[in-house]
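Novice: sequence and predicted model, in that order:
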Amino acid sequence: MSSASSVAPYVHASAHVSAEATIGPRTKIWHEAQVREGARLGADCIVGKGAYIDHHVVVGSNVKVQNRASVYHGVEIEDGVFVGPHVVFTNDRLPRAINADGSPKADTDWEVGRTLVRYGASIGANSTILPGVTIGQFALVGAGSLVTRDVPDFGLVVGHPARLRGHVCACGERLPSQHMAVLTCGRCGQTFDRSGDAVRLSDHQIRSREDECGR
């Protein structure tokens, strides 16, 4: 296999990818998926069967968009995000097919809602994300949730509508629920500083990572 073919994206014969879309190296787009014009996908992504990526959606690298997920115009997804099967990102808070006078709505008759999913976040199967929200880094949205407001970094939200139920580590493990200033992951040992509902990697953990990167 040549070096060129080893980095080229793979598009299944039944998928429809616009010639005006940008697809990164080694990204795989599977059966019956659709990627529309102006969409940009990074490297090493997986777009599952029947998934829909709308026009001008931005998707980072190492992102998994599972079967039948719908990612509509106005959504930006950063690197390393997991989008579960049948997840729907909406983009119109006042959806109508027609105007008040009965005329069909045109592109100029509504305002697109913007949604940002930050690095490493995961969205469980069958969740619905309303427009205008930010889902924080390494946040976890439980399956079947309806997200109507911002989710903090490392936040765990569940329900209809989704409510903050705790916090999770970058490895996915749920962090201790006690109201302590420092939380330690029981699985990987990472430590986090906590202030109210805000959780961040501990300062010494950040310095340790910076030291490793500087070597």
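Specialist: Cool, got the structure.
Novice: count of residues packed around the closest residue to Pro25 other than its chain neighbours?
Specialist: In this structure, Pro25 finds its nearest non-sequential neighbour in Val7, 4.0 Å apart by Cβ to Cβ, 6 or more residues apart in numbering. For glycine as for every other residue, the C-beta is placed from the backbone atoms N, C-alpha and C. Val7 has 13 neighbours, counted by other Cβ atoms under 10 Å.
Novice: over to Ser103?
Specialist: Applying the criterion other Cβ under 10 Å, we find 9 residues in the vicinity of Ser103.
Novice: and it, what does it touch?
Specialist: Shown in contact with Ser103 (Cβ atoms under 8 Å, 6 or more residues apart in numbering): no residues.
Novice: cool, His179 as well?
Specialist: Arg194.
Novice: you'd agree it is in a strand?
Specialist: No: according to DSSP: H, G, I helix; E, B strand; the rest coil, His179 belongs to no strand; its state is coil.
Novice: domains in the chain, by residue range?
Specialist: For the chain, automatic domain parsing gives the domain ranges 3-168, 172-215.
Novice: now, of those, which is deepest in the fold?
Specialist: Mean neighbours per residue, mean count of other Cβ atoms under 10 Å, is largest over the domains of the chain for domain 3-168, with a mean of 18.
Novice: that domain: how far from the chain's middle?
Specialist: Centre-to-centre, domain 3-168 and its host chain are 6 Å apart (Cα atoms, centre = their mean, to the nearest Å).
Novice: that one - what's its average pLDDT?
Specialist: Averaging pLDDT along domain 3-168 gives 96.
Novice: what about the helices in the chain?
Specialist: 3-7, 203-214 (DSSP state H).
Novice: what's the least confident stretch among the ones you listed?
Specialist: Of all the helices of the chain, the minimum mean pLDDT falls on helix 203-214 (a mean of 52).
Novice: contact partners for the residue nearest to Phe138 when sequence neighbours are not counted?
Specialist: Leaving aside its sequence neighbours, Phe138 sits nearest to Gly120 (Cβ to Cβ, 6+ apart; 4.3 Å). Neighbour list for Gly120: Glu78, Asp79, Gly80, Val81, Gln137, Phe138, Ala170 [criterion: Cβ under 8 Å, 6+ apart].
Novice: how close does Gly120 sit to Glu20?
Specialist: To Glu20, Gly120 is 29 Å away according to Cβ to Cβ, to the nearest Å.
Novice: and what of His86?
Specialist: Applying Cβ to Cβ, the value for His86 to Glu20 is 27 Å.
Novice: Asp92 now?
Specialist: Distance, Asp92 to Glu20, using Cβ to Cβ: 23 Å.
Novice: state the distance from the residue at the greatest distance from the centre of the chain to Leu94.
Specialist: Relative to the centre of the chain, and counting by Cα atoms, centre = their mean, the farthest-placed residue is Asp101 at 37.1 Å. According to Cβ to Cβ, Asp101 and Leu94 sit 16 Å apart.
Novice: over to Leu41?
Specialist: Applying Cβ to Cβ to Leu41 and Leu94 gives a distance of 29 Å.
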